[in-house]
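Undergrad: here's my sequence, what's the structure:
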Amino acid sequence: MASSLVLPSPSSASTSYSTPLFSSSRSFLTHKSFVPKRTCLRTSVNCEISEPVNGKPRVPIINDGTLPKFLQASRLQNSVSRNNNRLKIFSGTANPSLSQEIAWYMGFELGKVKIKRFADGEIYVQLQESVRGCDVYLVQSTCPPANENLMELLVMIDACRRASAKTITAVIPYFGYARADRKTQGRESIGAKLVANLITEAGADRVLACDLHSGQSMGYFDIPVDHVYCQPVVLDYLASKKISSDDLVVVSPDVGGVARARAFAKKLSDAPLAIVDKRRHGHNVAEVMNLIGDVKGKVAVMVDDMIDTAGTIAKGAALLHQEGAREVYACCTHAVFSPPAIERLSSGLFQEVIVTNTIPAIEKNCFPQLTVLSVANLLGETIWRVHDDCSVSSIFQ
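TA: A predicted model of the protein is given here:
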């Protein structure tokens with residue numbers, strides 16, 4: 001027997017929902033918030049909205065009923081797109097709710113695709129509509145279960161290639177195996193390079209990836225890679241909290257993240273920088289040694305690309321409190337949250353843990369300090385820029 005899944009499954013309800021393009025209020029979107037019609041933020045066109053189909057409960061995701069500040073100017077300058085009838089977006093099963101939000105922003109319905117799991121675990125993909133001559137965008141994070149989601153992406157790419165798609169772009173909000181980007185010991189594999197080869201050989205023409213663990217990973221691909229920085233989404237949210245710049249210090253949880261933290265601090269009125277020096281004694285194990293910088297009496301914002309077991313960031317937060325920090329915020333793009341991350345993050349060390357929805361946030365991983373921000377508008381705008389042959393880097397300037 002085989003279990004099957006068809007994306008999307010349009011709702012038969014007839015209600016409609018329209019959101020003002022510029023509104024100061026924040027709305028919390030969950031799986032129950034999706035209704036059949038919404039107005040595309042970018043083009044003001046009504047588009048169909050389908051229920052997420054994987055059945056997993058979601059924690060509330062913050063997504064304004066307006067464009068974030070960093071996208072408002074680009075919307076006014078690029079309000080009309082070319083050749084829209086040749087653009088199609090398909091979603092894998094890893095994060096269908098994010099895919100649906102992207103489609104809503106762009107004013108499209110998700111393409112229909114049938115995805116089956118056979119009893120032995122093999123994956124079957126059939127596109128339910130023609131993509132001949134189309135520019136196809138496949139939205140699929142390779143988040144846990146990483147191997148299954150990666151294989152699903154490869155099979156989807158192959159299906160599009162065999163269906164004569166003009167171009168195939170793999171939109172990978174979370175790129176699994178990104179940490180395996182080099183050999184730290186003898187006789188180790190470099191998984192990031194292997195995955196890049198698999199995606200290229202499957203038939204992808206371009207990759208969009210969010211906040212890669214190491215920017216050098218882009219060099220593993222023999223096709224164009226657009227590195228999407230989710231920093232503006234988090235910065236936009238922090239700005240709404242109105243924390244005084246005199247009270248703020250940005251903290252890198254390790255030496256390897258200094259460049260990321262420095263760029264983040266520069267956007268926050270050139271806030272001072274502190275660094276947690278740690279020594280690693282094994283995979284997913286970190287030992288905090290000392291703090292470089294002053295955090296006494298300040299609001300410390302710890303910045304990283306991902307939180308896995310939360311060992312690094314939790315020990316760093318404990319050190320910051322010991323050094324006199326008034327409050328500690330944790331900001332990251334990818335909420336991997338492998339056990340015992342939830343216990344560590346909800347232990348009272350953090351005033352707030354701010355993440356994005358590049359990885360779907362399930363209800364069992366919810367805790368009071370958690371805030372999930374949506375990157376759908378950012379990814380939707382990036383897809384438009386790529387499709388229209390416009391600059392992507394200008395979004396982040």
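Undergrad: show me what the helix or strand P232 falls within is in contact with.
TA: Secondary structure from DSSP states H and E places P232 in helix 231-240. For helix 231-240, contacts defined as CB atoms under 8 Å, 6 or more residues apart in numbering pick out 26, 62, 68-70, 211, 263-264, 267-268, 301, 329, 331, 333, 354, 356, 371, 373-375, 378, 395-396. All C-beta spots, glycine's among them, are computed from the backbone N, C-alpha and C.
Undergrad: and that helix, what's buried?
TA: Buried positions in helix 231-240, judged by neighbour count with 16 or more other CB atoms under 10 Å: 231-238.
Undergrad: off-centre distance for it?
TA: 14 Å (CA atoms, centre = their mean, to the nearest Å).
Undergrad: and the average pLDDT for that helix is what?
TA: For helix 231-240, mean pLDDT rounds to 92.
Undergrad: number of residues surrounding the spatially closest residue to V258 that is not a sequence neighbour?
TA: Spatially, and ignoring its direct neighbours in sequence, V258 is nearest to S252 (4.9 Å; CB to CB, 6 or more residues apart in numbering). For S252, the count of nearby residues is 25 (other CB atoms under 10 Å).
Undergrad: with L373 instead?
TA: L373 has 22 nearby residues by other CB under 10 Å.
Undergrad: residue contacts, it?
TA: 61-63, 233-234, 237, 354-357.
Undergrad: residue closest to the middle of the protein?
TA: T358 (2.6 Å; CA atoms, centre = their mean).
Undergrad: so which of the contacts of helix 231-240 belong to strands?
TA: 62, 301, 329, 331, 333, 354, 356, 371, 373 (DSSP state E).
Undergrad: how far away is the fifth one from M306?
TA: T333 sits at a distance of 7 Å from M306 (criterion: CB to CB, to the nearest Å).
Undergrad: which residues of the protein score low on pLDDT?
TA: For the chain, applying pLDDT under 70 flags the ranges 1-60, 64-83, 279-288.
Undergrad: so it: which segments form each domain?
TA: 2-229+376-396, 232-357 (automatic domain parsing).
Undergrad: returning to that earlier point: overlap in contacts of T333 and M306?
TA: D211.
Undergrad: and those two? Which one has more around it.
TA: T333 (29 against 19).
Undergrad: wait, doesn't the more buried one sit right on D305?
TA: Yes: using CB atoms under 8 Å, T333 makes contact with D305 at a distance of 5.6 Å.
Undergrad: what touches both of these two?
TA: What both T333 and D305 touch, as defined by CB under 8 Å, 6+ apart, is the set D211.
Undergrad: re the thing from before, can you list the domains of the chain in a markdown table and add distance to N365?
TA: As requested, the domains of the chain are exported to a markdown table (distance: least, CB to CB, whole Å):
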| stretch | distance to N365 |
| --- | --- |
| domain 2-229+376-396 | 7 |
| domain 232-357 | 5 |
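Undergrad: what segments of the stretch 101-250 of the chain are helices?
TA: 146-162, 191-202, 231-240 (DSSP state H, counting those that start in this stretch).
Undergrad: can you say which of those helices is nearest to M218?
TA: Closest approach to M218 among the helices of the stretch 101-250 of the chain is made by helix 191-202 (8.9 Å; CB to CB).
Undergrad: compute the inter-axis angle for the closest one and helix 146-162.
TA: Angle, helix 191-202 to helix 146-162, by axes from the mean of the first three to the mean of the last three CA atoms, to 10 degrees: 20 degrees.
Undergrad: extract the C-alpha set from helix 191-202 and format it as PDB.
TA: The C-alpha trace of helix 191-202 is given here as PDB (Å, rounded to 0.1, in the frame of the first residue of the first chain):
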ATOM      1  CA  GLY A 191      28.200  16.400   3.100                       C
ATOM      2  CA  ALA A 192      27.400  19.900   1.900                       C
ATOM      3  CA  LYS A 193      29.400  19.300  -1.300                       C
ATOM      4  CA  LEU A 194      27.700  16.000  -1.900                       C
ATOM      5  CA  VAL A 195      24.200  17.500  -1.500                       C
ATOM      6  CA  ALA A 196      25.100  20.300  -3.800                       C
ATOM      7  CA  ASN A 197      26.200  17.800  -6.500                       C
ATOM      8  CA  LEU A 198      22.900  15.800  -6.000                       C
ATOM      9  CA  ILE A 199      20.700  18.900  -6.500                       C
ATOM     10  CA  THR A 200      22.700  19.900  -9.600                       C
ATOM     11  CA  GLU A 201      22.700  16.500 -11.200                       C
ATOM     12  CA  ALA A 202      19.000  16.100 -10.500                       C
END
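Undergrad: now do the same contact list for P340.
TA: 309-310.
Undergrad: follow-up on the earlier one: which residue packs closest to the residue nearest to the centre of the chain, ignoring adjacent ones?
TA: P173 (3.7 Å).
Undergrad: how close does the one you found get to P360?
TA: 10 Å.
Undergrad: which residues do the two both contact?
TA: 95, 98, 141.
Undergrad: the last one against N95, yeah?
TA: Which is S141. Yes: with contact defined as CB under 8 Å, S141 reaches N95; the gap is 5.0 Å.
Undergrad: how many residues are close by P253?
TA: P253 has 27 nearby residues by other CB under 10 Å.
Undergrad: typo on my end, it should be R179
TA: 17.
Undergrad: got the phi and psi for it?
TA: phi -80, psi -20 (degrees, to the nearest 10).
Undergrad: surely it touches S217?
TA: No: the pair R179 / S217 is not scored as a contact, 9.5 Å apart, by CB under 8 Å.
Undergrad: joint contacts of the two?
TA: Common contacts of R179 and S217, defined by CB under 8 Å, 6+ apart, comprise A192.
Undergrad: export stretch 167-177 to CSV, keeping only CA atoms.
TA: Extracted C-alpha coordinates of stretch 167-177, given in CSV (Å, rounded to 0.1, in the frame of the first residue of the first chain):
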residue,chain,number,x,y,z
THR,A,167,14.1,26.5,-15.7
ILE,A,168,14.0,24.8,-12.3
THR,A,169,14.8,26.7,-9.1
ALA,A,170,15.1,24.9,-5.8
VAL,A,171,14.0,27.2,-3.0
ILE,A,172,15.5,25.7,0.1
PRO,A,173,14.6,27.8,3.2
TYR,A,174,16.7,25.5,5.4
PHE,A,175,19.6,23.7,3.7
GLY,A,176,20.4,20.5,5.5
TYR,A,177,24.0,19.2,5.7
